[in-house]
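In: coords please:
(4 chains)
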Amino acid sequence: MGTRFEFSLTAIDTARWRATLADPACGGYAAFEGWVRNHNEGLQVQRLEYEAFEALAANEAGLILAQALQRFGVAHAACVHRVGELAVGEMAVWVGVSAAHRDEAFRACRFIIDEIKHRLPIWKKEHYRNGDSGWVNCERCAQPGAHQHAPPR
Amino acid sequence: MGTRFEFSLTAIDTARWRATLADPACGGYAAFEGWVRNHNEGLQVQRLEYEAFEALAANEAGLILAQALQRFGVAHAACVHRVGELAVGEMAVWVGVSAAHRDEAFRACRFIIDEIKHRLPIWKKEHYRNGDSGWVNCERCAQPGAHQHAPPR
Amino acid sequence: MSTRRISVQYYALLREQAGCRGEQVETAAVTAADLYAELRRRHPFTLDAGMLRVAVNAQFSDWSRPLRDGDAVVFIPPVAGG
Amino acid sequence: MSTRRISVQYYALLREQAGCRGEQVETAAVTAADLYAELRRRHPFTLDAGMLRVAVNAQFSDWSRPLRDGDAVVFIPPVAGG
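Out: Sure, this is the predicted structure:
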């Protein structure tokens, strides 16, 4: 039984992370990867930057993973999140869960990524093909009428 | 948009399969792996054998994957299933789905593995540490009172 | 009484109980249900037809569908993939 | 009026608008809410406090919790991980 969370400045090695969840008592493994999409809310994304308040984020991620073990009875759960510059197609986040059965593996994996997105102090700045950029949820989404995406004023 | 299903006699190369789902328009990737557990219904499992009616199974899997694309609006879905002898800890089945968003990726992945287990003509013979063996769902489960797991009479 | 030539393939428990992967049978059985009943008289099959599904020419089929000369029949024990 | 020495770190949009990653402030602000109001007079922060959360000493905190000398405060814009 174990949990593990890390930030990574470089490409996530999913094979290495998956290996940390191996367990002969487990019959089900569920994983999620978030990939950088080439579009968001109608804009063409070229690349993005992730920035994190790492101390708080790591604490909060530890709580989320522990909650997943307790709530769903899974054996192992891990998560790694990129920070820094990412190109379209790169993996921004990986979540993996192993469990005796598939039902709890799926449910715990879904719980973890939902909570990670909701609770961790991590920010994403999108750079668009048209030259604009913006912090997601701060600039455009906070001003639904304006839908501004110019660089910070 | 695409689907792909295969049987494999050797270890599943998940990196190669995952690569077939890469798509710059996709932000979410969900995967499931079924691993050979060291126990089932209270018995210690040592190894197992999978056998498939491959022509029918491949047709049926193709239908399942196409249904997943249509029902959940995901971009790509693939599945590979081992046949032959497997040891404890080995991967018996892999399912991967990529989609614009995580919700449909998770739901399609879950749908696919549930249907694969339910609909494909694939059989599993478990070999136990105590020397017995049995075809799962045929010998023990079909006779809930008896719970026999001796070799076929 | 007319007969037809049917190819039967066996998998898993049925393969072990038949002692072979398949056989060609010359049969007067009209349906797949009739055919399984006939084969049970020759092989020690422990599974009742109610526990099986049947495929004809690599498609799931109805037990009552009339068999035609040259059909390939597979009786499908309870599955356990994944 | 007593003052306390608070270390403030900025991330993301707040970092860009403050023009620095953090600063030490000598402040009479009693709570984190008071402190953000004070800092908005010095920096062109566009985000209202209602859109932020606050962390004190790397723990999520209440806006009304009294600040103590030496506290480390982080104002947290809407998050977007994953």
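In: which SS state does the residue lying closest to C:A72 once chain neighbours are set aside fall under?
Out: Once flanking residues are discounted, C:A72 sits nearest to C:S7: 4.7 Å by C-beta to C-beta, 6 or more residues apart in numbering or on different chains. The C-beta positions use only the backbone N, C-alpha and C, and glycine is treated the same way. Per DSSP: H, G, I helix; E, B strand; the rest coil, the local secondary structure of C:S7 is strand.
In: Contacts only, for C:S7.
Out: Applying C-beta atoms under 8 Å, 6 or more residues apart in numbering or on different chains, we find C:S7 in contact with C:22-25, C:70-73.
In: Please identify, among these, the one with the most neighbours.
Out: C:V73 (22 neighbours; other C-beta atoms under 10 Å in any protein chain shown).
In: residues contacting that one?
Out: Contacts of C:V73 by C-beta under 8 Å, 6+ apart are C:6-9, C:32, C:35, C:54-56, C:67.
In: can I get those residues in CSV with pLDDT?
Out: What follows is those, written out as CSV (pLDDT from 0 to 100):
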residue, pLDDT
C:I6, 98
C:S7, 98
C:V8, 98
C:Q9, 98
C:A32, 98
C:L35, 98
C:V54, 98
C:A55, 98
C:V56, 98
C:L67, 97
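In: Show the buried residues in those.
Out: C:6, C:8-9, C:32, C:35, C:54-56, C:67 (16 or more other C-beta atoms under 10 Å in any protein chain shown).
In: Now do A:R140, the pLDDT please.
Out: On pLDDT, A:R140 comes in at 56.
In: Quickly find the element holding the spatially closest residue to A:R129 that is not a sequence neighbour.
Out: Nearest residue to A:R129 in three dimensions, chain neighbours excluded: A:Q44, at 3.9 Å (C-beta to C-beta, 6+ apart). Taking DSSP states H and E as the definition, A:Q44 sits inside strand A:43-52.
In: Residues of chain C that sit close to chain B?
Out: C:9, C:11-13, C:15-17, C:44, C:46-47, C:51, C:55, C:58-60, C:74, C:76-82 (C-beta under 8 Å from any C-beta of the partner chain).
In: mind redoing it with 10 Å?
Out: Applying C-beta under 10 Å from any C-beta of the partner chain, we find that chain C lies next to chain B at C:9-17, C:44-48, C:51-53, C:55, C:57-60, C:72, C:74, C:76-82.
In: Which of the residues you listed fall in strands?
Out: C:9, C:53, C:55, C:59-60, C:72, C:74, C:76 (DSSP state E).
In: partner strands of the helix or strand where A:V97 lies, parallel or antiparallel?
Out: A:V97 is part of strand A:91-99 when elements are defined by DSSP H and E. In the sheet, strand A:91-99 lines up against strand A:28-35 (antiparallel), strand A:76-82 (antiparallel) (DSSP bridges).
In: export that strand as CSV, just CAs?
Out: C-alpha atoms of strand A:91-99 as CSV (Å, rounded to 0.1, in the frame of the first residue of the first chain):
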residue,chain,number,x,y,z
MET,A,91,2.0,14.9,-21.2
ALA,A,92,1.2,17.4,-18.4
VAL,A,93,0.0,15.0,-15.7
TRP,A,94,-0.1,11.2,-15.1
VAL,A,95,-2.2,9.3,-12.6
GLY,A,96,-1.9,5.6,-12.0
VAL,A,97,-3.8,3.3,-9.6
SER,A,98,-3.6,-0.5,-9.0
ALA,A,99,-6.2,-2.5,-7.1
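In: Can you show me the strands along chain A?
Out: Under DSSP E, chain A gives strands at A:2-8, A:28-35, A:39-40, A:43-52, A:76-82, A:84-87, A:91-99, A:122-128, A:133-135.
In: Between those strands, which one is closest to B:G28.
Out: strand A:28-35 (6.4 Å; C-beta to C-beta).
In: Quick check: nearest residue in space to C:R4, chain neighbours excluded?
Out: Using C-beta to C-beta, 6+ apart, the closest residue to C:R4 is C:D69 (4.1 Å).
In: What is the least confident helix or strand in chain A?
Out: Least confident helix or strand, chain A: strand A:39-40 with a mean of 93, by mean pLDDT, DSSP states H and E.
In: sorry, back to before: for the ones in strands among the residues of chain C next to chain B, give me CSV that also has distance to B:L69.
Out: Converted to CSV, those look like this (distance: C-beta to C-beta, whole Å):
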residue, distance to B:L69
C:Q9, 31
C:R53, 26
C:A55, 25
C:Q59, 22
C:F60, 22
C:A72, 30
C:V74, 28
C:I76, 26
